[in-house]
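J.: Let's see this in three dimensions:
(chains A, B, C and D)
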Number of protein chains: 4
Amino acid sequence: MAPAGAKRGILERLNAGEVVIGDGGFVFALEKRGYVKAGPWTPEAAAEHPEAVRQLHREFLRAGANVMQTFTFYASDDKLENRGNNLSFTQINEAACDLAREVANEGDALVAGGVSQTPSYLSCKSEDEVKAIFKRQLDVFIKKNVDFLIAEYFEHVEEAEWAVQVLKSTGKPVAANMCIGPDGDMHGVSAGECAIRLVKAGADIVGVNCHFDPLTCVQAVKLMKEAVEKAGLKAHYMVQPLAYHTPDCNRQGFIDLPEFPFALEPRILTRWDMQQYAREAYDAGIRYIGGCCGFEPYHIRALAEELAPERGFLPTASEKHGPWGTGLEMHTKPWVRARARREYWEKIRPASGRPLCPSMSKPDSWGVTKGHSDLMQQKEATSQDQLRPLFDKCSATQ
Amino acid sequence: MAPAGAKRGILERLNAGEVVIGDGGFVFALEKRGYVKAGPWTPEAAAEHPEAVRQLHREFLRAGANVMQTFTFYASDDKLENRGNNLSFTQINEAACDLAREVANEGDALVAGGVSQTPSYLSCKSEDEVKAIFKRQLDVFIKKNVDFLIAEYFEHVEEAEWAVQVLKSTGKPVAANMCIGPDGDMHGVSAGECAIRLVKAGADIVGVNCHFDPLTCVQAVKLMKEAVEKAGLKAHYMVQPLAYHTPDCNRQGFIDLPEFPFALEPRILTRWDMQQYAREAYDAGIRYIGGCCGFEPYHIRALAEELAPERGFLPTASEKHGPWGTGLEMHTKPWVRARARREYWEKIRPASGRPLCPSMSKPDSWGVTKGHSDLMQQKEATSQDQLRPLFDKCSATQ
Amino acid sequence: MAPAGAKRGILERLNAGEVVIGDGGFVFALEKRGYVKAGPWTPEAAAEHPEAVRQLHREFLRAGANVMQTFTFYASDDKLENRGNNLSFTQINEAACDLAREVANEGDALVAGGVSQTPSYLSCKSEDEVKAIFKRQLDVFIKKNVDFLIAEYFEHVEEAEWAVQVLKSTGKPVAANMCIGPDGDMHGVSAGECAIRLVKAGADIVGVNCHFDPLTCVQAVKLMKEAVEKAGLKAHYMVQPLAYHTPDCNRQGFIDLPEFPFALEPRILTRWDMQQYAREAYDAGIRYIGGCCGFEPYHIRALAEELAPERGFLPTASEKHGPWGTGLEMHTKPWVRARARREYWEKIRPASGRPLCPSMSKPDSWGVTKGHSDLMQQKEATSQDQLRPLFDKCSATQ
Amino acid sequence: MAPAGAKRGILERLNAGEVVIGDGGFVFALEKRGYVKAGPWTPEAAAEHPEAVRQLHREFLRAGANVMQTFTFYASDDKLENRGNNLSFTQINEAACDLAREVANEGDALVAGGVSQTPSYLSCKSEDEVKAIFKRQLDVFIKKNVDFLIAEYFEHVEEAEWAVQVLKSTGKPVAANMCIGPDGDMHGVSAGECAIRLVKAGADIVGVNCHFDPLTCVQAVKLMKEAVEKAGLKAHYMVQPLAYHTPDCNRQGFIDLPEFPFALEPRILTRWDMQQYAREAYDAGIRYIGGCCGFEPYHIRALAEELAPERGFLPTASEKHGPWGTGLEMHTKPWVRARARREYWEKIRPASGRPLCPSMSKPDSWGVTKGHSDLMQQKEATSQDQLRPLFDKCSATQ
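T.: Take a look at the predicted model:
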């Protein structure tokens, strides 16, 4: 294994004004490939099926990603334990670090270790208890010497601050992402205020990930940037949104959409949508631009293709892609060759092929958050007796 | 390598009334992963990036597929040659056979070698010339001892008959698929008549693949079955449709949709759509049920889950999937736990999140087929001078 | 009152190849104005509120209509009786004739008396009984000396033939319209065969009205015309479709759509849709072109404007309408002035403003027709006990 | 003519907490009937075709309206003059007052005279010049002794204040409506601040009309009410919205939608949408509830039916309407009888029947207002030379 630090670090790149392309979300991509279970969403595949995880890392690397996030989402010990895995916390987390490092070494990528919000926080555990959870994950990242750390997917800025404080203690660069939109966090803290608090807690890079579509997330990060600058603080900015269109979300994001998580297909962004996103993110001054749930390797490639002029090169996987559809010049049918150009794809308004379906949904709006009894952690799966009242409360489909 | 024939053969299974689950399409799946170029759609990745091809085979196997089709689509010598590959026809085709066999041996799957329609036919080459192309591909399949053969993706039944005649000469079981819908082939031959001619040409299994959505394809195979039975003939039936909703297609199928091939995302079927498809195909008497372009491993798994009662077992990948969403019983949010049941997902009408987009498109309808000057084969990519009149002819985006 | 026949008759006009513009449907238009009750749909307003009926006649006349149909829909004695009206059958029908004549005399319009399908037929009454109903309505039309007769809104060609036979006995010109689409009548008789039988029964003009949108109805009349001509017969053709888009109807037409009759608004055709319809009807060789349910005066004006070149003049109401939106040249806002042209309105794809709604519905398909117990006539309104099983059978809203 | 004041006045009613139902917009309704020209939108029909205007008044009265607004929209002298009418300013305005009074006397309705924003204000004429225009209209209203006055359809609160000041000088009750949404007026004054300024200028009743759909308008009036109450002021509230769904509007309202004014059909509200609007308006504390462009008599009837419990009676036109669809109990088809109930219609999500159309549009956003050269008044219609750059600037259709 190559020594960490042999490459230019994340802050070195961002300080130089370079674009850093992130990778895409692993749990959704590997769920579709058959290696992650929706519901628990735990990453035991890192140890069980390393070839599948390695392959996905490699595809994102080929697509242009400069960061390999360790596949350790929800890999906290309590979470893993109560989901009935045979593998130990340590086995899984170490395997994930090794896979990320192995593939990072095949190209110009850094390894980032990540922590996310905990069920313990929602269940009102103390600051010490929550911080201890982050600390146990961190021990693995330190042992495996990741290049930098990401605190991501936090709905409450208070918990995110705790995470940043723990991560910062290592001396490694720290990025912090809320999973919020322009309306702010679940406690009503504005996006701008969240950013200020995270920077003050020690984050070098702030932004948002998951929960909303790309343009909504860019909008949220813009608000963060404005607030941070107005407060006279300094930071770098990042964004790793969903690959799903979510104009109909409320503050809680796509979790509330009736289609979550098994009927989101009609919302998937095209590669052209992704190029628009990359441009808008760049124009907003964001330099660390990646993806989260729903991103497939070709989505990341689209970011890298859009920003090729700024980066100075195309990603490896563009060997198999004509920019703006020009690969279609070789298509057998003449009317498909007629689509081999930017203006065609830039303007397309793609149909869903679903005339019985609407274009927007009403999100479930139960409006509960930290501390509500419905959100209290339990180790066992919800029982049928517990589920029945939920079924009744649930709006009939649509 | 394990000897072909060590497992029960395709006809043995079908004669016994068993369900055979096919795999999904490789060119679209690997295009999204960064290994296939849209436009040429050639399979050089089999030799260039065997790990990526192997991984996709493995995912389909885990999802329940009983057939590994060799990744040899458009791998005819003329095609490969004029697309500028460094690798030889033989290298690519042999590598594809080896990969299919390697993974098939990891489970209960057979290897199928396939041939498809040729540019030569559209360019009005002679029967002998066209048959010679099939023959050269067949030589590799024989050398590598595939378990059976598939002639698929034919728009004209005449060419499909020629292919079946060539394949049949080997003594191996032969399946034949038109890429047509209920309206019949490009020359106006009805679906039923196509099936009769293919059976008479020697096909053991007939059906359709690609070009239309699952329920449309099932409808086409129903017409085939009725006609074959009415003619007093006997055959098995298969179907390998798109994973895209295509209610707005005309006779040419999804190629004509303005979204082909780079904006089809909103049309992707959910896993629940797939279960409905599997049930309808089964109820129509079709026993070889698989997929084509757009299918991801989780789509194949949905077929295998729907037909688990008939097959008597769940696929390996169901270890990571609660049937009908029951994995959500473990979800953190109570309103998501409320979705952990069949009736919720069965009735969902998923929104596109695209309020500016329609639900259907007008297909391009240039109405040209075999022999038209626009379809004549040329080795070089279409020049800008050749493209300009096509751009003008092209309906403005929508 | 001016003597009937002072103007050129309907056949005189059609024989000369002239375009005859029909009027629009009265029950839907007057329901929206507050004078007709949805459900019974009876025309007692002719006697109760003559000023409202006269005004609607006048608006259609100004819009370009050459025919004033007497507002006598469902004005058969049994129907009126069981709907609890205070006014007699004779009062209503005579009043309707007088109003039509009064307004017809204000311009170049003829008066047409109409009969429609009877509940008695659905309830399997005898040919004599059904014909007697038509005869009683006819007596009024003869007394009031209408210019010609229309048998319209028939779902079964057998009953339509009976009506034509009765009407023909008067010696007046007879038009006959089925309320069917290209799939034929409720007993499975093809559109073409329906037309042949109606011509043989004595109809001078055949076509379709109601139940489907304009382009679907034109398609059905095309099939009628082809069949009549192939049979060596001669006839004129007419079409009076809905003003609602109904691509999702099955054979029964818009009655089956879940939106019928109180949520059809999003389906209403624009004036530009109407111009397209007028052109397609004309190009199909149809010369009597009008409307049915949903048509407002401006819809009829659009027909007359589109066919102004053929007719040689614009309708009176075009004094208040710039063709193709040119009246907008005077609009205050410059971006609205920019819409003052044909190409803008011809290409518009108007949004519904309803992102939670689909673009198509699943029609109720109970598949019952003449003779089914659910369709038996009863004088009293359906009781709650009778309704309950219907509610249960009814697909939940969407 | 009955003396004004013989009935209880508008403030008497509102002070007593009664619901006052307004009428619907005349220019759109009469444009569809063939008596108003879109573009100029002037009301010369009051003098040219009194029977058509009287009939529409009567339909709104039957539907439950308590107010007959004189049909004097855009009837200022400059406006009428430059639109080439043969009739004088006085003839038209007096005729309109007489018609309103005649029909008001047939029931329990008051007559309201109205003034609207002027092209002169947009062209930066002085306060005195603008007020003089209002004054000239007012002279007619005083002579004809209307019951109260409405200043409506103002985009800029400054001009609305001027109008209120002029109207207030008469001693008659004054209502003032901005045509704004929750985002405030074209100069960026908030909805709440607009209301405060109008009350301070002397308005007894404040609210909004036109430009946005009902629920958006109710939202705007809520903001007005909150601000007025917070400022310690007192007023009554009214709302007269569009009958079109406009979720996609920006601050300028439906004028900017590409469908304005000739392709708004898919956006028309159903009667059930209207009942929801009436309820929400009432619950927001609004007591003067009516309609504007797009309202047909059945829409006003729906308001009166929803608020029948509060008002204590149904409108006359409900003689021809079963509440919540119960008139369908008498329908011939059993599946239509199954729709004779509230829960069916309350939940319906009506389809557009337009699969090629989106559910929302992008509004034109030229962002110009008072003082911009594009908005300067000219007497003559825009010339082709003036139109050409507008056509180019105009977003291609969608």
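J.: C-terminal to the helix or strand hosting residue A:310, what's the next element?
T.: Per DSSP states H and E: residue A:310 is located in helix A:308-311. Per DSSP H and E, the first helix or strand lying C-terminal to helix A:308-311 is helix A:334-337.
J.: Is that next one in proximity to chain B?
T.: Yes: Helix A:334-337 lies within reach of chain B by CB under 8 Å from any CB of the partner chain, at A:334-337. Using the backbone N, CA and C atoms, a C-beta is placed for each residue, glycine as well.
J.: go on, stretch A:93-112?
T.: No: counting by CB under 8 Å from any CB, chain B is not contacted by stretch A:93-112; separation bottoms out at 11.6 Å.
J.: Just the mean pLDDT for that stretch, thanks.
T.: Averaging pLDDT along stretch A:93-112 gives 97.
J.: next one: stretch A:138-146
T.: Across stretch A:138-146, the average pLDDT comes to 96.
J.: do the same with stretch A:221-241
T.: For stretch A:221-241, the per-residue pLDDT averages 98.
J.: Centre of the chain to that stretch, how far?
T.: When C-alpha coordinates are averaged (CA atoms, centre = their mean, to the nearest Å), stretch A:221-241 and its chain have centres 18 Å apart.
J.: can you pull the buried residues of it?
T.: A:221-225, A:227-228, A:235-241 (16 or more other CB atoms under 10 Å in any protein chain shown).
J.: That stretch spans what distance, first to last residue?
T.: Start and end residues of stretch A:221-241 are separated by 11 Å (CA to CA, to the nearest Å).
J.: likewise stretch A:257-272?
T.: 24 Å.
J.: Look up how far chain D lies from residue A:99.
T.: Between residue A:99 and chain D the computed distance is 43 Å (CB to the nearest CB, to the nearest Å).
J.: same question, residue A:313
T.: Shown here: residue A:313 relative to chain D, a distance of 35 Å by CB to the nearest CB.
J.: same deal with residue A:207?
T.: Taking CB to the nearest CB as the measure, residue A:207 falls 28 Å from chain D.
J.: do residue A:320 as well
T.: Residue A:320 is 33 Å from chain D, where distance means CB to the nearest CB.
J.: Can you tell me which residues in chain A are near chain C?
T.: So chain A meets chain C at A:248, A:354-362, A:398 (CB under 8 Å from any CB).
J.: tell me which of the residues of helix A:334-337 next to chain B is nearest to residue A:170?
T.: Sorting the residues of helix A:334-337 next to chain B by distance to residue A:170 puts residue A:336 at the head of the list, at 52.9 Å, by CB to CB.
J.: Not counting residues beside it along the chain, what's closest to residue A:243?
T.: Spatial nearest neighbour of residue A:243, excluding adjacent residues (CB to CB, 6 or more residues apart in numbering or on different chains): residue A:294 at 3.1 Å.
J.: ugh, wrong one, I meant residue A:187
T.: residue A:156 (5.7 Å).
J.: dump the residue contacts of that neighbour.
T.: Neighbour list for residue A:156: A:117, A:121, A:185-187, A:369-370 [criterion: CB atoms under 8 Å, 6 or more residues apart in numbering or on different chains].
J.: run the last query once more with 6 Å
T.: For residue A:156, the contacting residues are A:185-187, by CB atoms under 6 Å, 6 or more residues apart in numbering or on different chains.
J.: Also residue A:252?
T.: Neighbour list for residue A:252: empty [criterion: CB under 6 Å, 6+ apart].
J.: For the spatially most central residue of chain A, give its distance to residue C:271.
T.: Of all residues in chain A, the one closest to the mean position by CA atoms, centre = their mean is residue A:292, 2.9 Å from it. Taking CB to CB, to the nearest Å as the measure, residue A:292 falls 47 Å from residue C:271.
J.: hang on, the earlier thing: just among the contacts of residue A:156, which is most surrounded?
T.: With neighbours taken as other CB atoms under 10 Å in any protein chain shown, the top of these is residue A:185, carrying 24 neighbours.
J.: Isn't that one up against residue A:154?
T.: No: the criterion here is CB atoms under 6 Å, and residue A:185 misses it with residue A:154 at 7.9 Å.
J.: After the strand or helix carrying residue A:164, which helix or strand is next?
T.: Assignment of secondary structure by DSSP H and E places residue A:164 within helix A:157-168. Next along the chain after helix A:157-168, taking DSSP H and E as the criterion, comes strand A:174-178.
J.: Can I get that following strand in CSV, CA atoms only?
T.: Taking Å, rounded to 0.1, in the frame of the first residue of the first chain, the C-alpha atoms of strand A:174-178 are listed here in CSV:
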residue,chain,number,x,y,z
VAL,A,174,-12.2,17.8,8.0
ALA,A,175,-15.2,18.2,5.7
ALA,A,176,-18.7,18.6,7.1
ASN,A,177,-21.9,18.1,5.2
MET,A,178,-25.5,18.6,6.4
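J.: how distant is the next helix or strand after that strand from the center of its chain?
T.: Going down the chain from strand A:174-178, the next helix or strand is helix A:191-201, by DSSP H and E. Relative to its chain's centre, helix A:191-201 lies at 19 Å (CA atoms, centre = their mean).
J.: same check, this time on stretch A:311-322
T.: The chain centre lies 23 Å from the centre of stretch A:311-322; the measure is CA atoms, centre = their mean.
J.: What lies in contact with it?
T.: A:19, A:62-64, A:301, A:304, A:308, B:34, B:36-37.
J.: which parts of the stretch 101-250 of chain A sit against chain B?
T.: With CB under 6 Å from any CB of the partner chain as the criterion, the stretch 101-250 of chain A meets chain B at residues A:245-247.
J.: Quickly name whichever of those residues is closest to chain C.
T.: For these, the closest approach to chain C (CB to the nearest CB) belongs to residue A:247, at 8.2 Å.
J.: Tell me how far that closest one lies from residue D:345.
T.: 27 Å.
J.: quick one, strands of chain A?
T.: Ranges of strands in chain A, per DSSP state E, are A:20-21, A:67-69, A:110-115, A:148-154, A:174-178, A:205-209, A:236-240, A:288-289.
J.: Tell me which other helices or strands the third one touches.
T.: Using 3 or more CB pairs under 6 Å, 6 or more residues apart in numbering or on different chains; DSSP states H and E as the contact criterion, the neighbours of strand A:110-115 among helices and strands are strand A:67-69, helix A:89-104, helix A:127-143, strand A:148-154.
J.: Alpha carbons of the last one, as CSV, please.
T.: The one in question is strand A:148-154. C-alpha atoms of strand A:148-154 as CSV (Å, rounded to 0.1, in the frame of the first residue of the first chain):
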residue,chain,number,x,y,z
PHE,A,148,-9.0,13.2,5.3
LEU,A,149,-12.3,12.9,7.1
ILE,A,150,-15.9,13.7,6.2
ALA,A,151,-18.7,14.2,8.7
GLU,A,152,-21.8,13.9,6.4
TYR,A,153,-25.5,13.3,6.4
PHE,A,154,-26.5,15.3,9.5
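J.: ok, and for it, which residues are buried?
T.: Using 16+ other CB under 10 Å as the test for burial, strand A:148-154 gives A:148-154.
J.: Ok, the longest one next?
T.: When burial is assessed from 16+ other CB under 10 Å, helix A:127-143 yields the following buried residues: A:130-131, A:133-134, A:137-138, A:140-141.
J.: From residue B:335, how far off is the residue sitting furthest away from the middle of chain A?
T.: Distance from the C-alpha centroid of chain A, by CA atoms, centre = their mean, peaks at residue A:334 (39.5 Å). With distances taken as CB to CB, residue A:334 is found 50 Å from residue B:335.
J.: follow-up on the earlier one: please say which of residue A:247 and residue D:345 ends up with more neighbours.
T.: Between residue A:247 and residue D:345, counted using other CB under 10 Å, the more crowded position is residue D:345 (21 against 18).
J.: Surely the more buried one touches residue D:272?
T.: Yes: between residue D:345 and residue D:272 there is a contact under CB under 6 Å: 4.9 Å.
J.: Any figure for the gap between residue A:215 and residue A:346?
T.: Distance from residue A:215 to residue A:346, counting by CB to CB: 15 Å.
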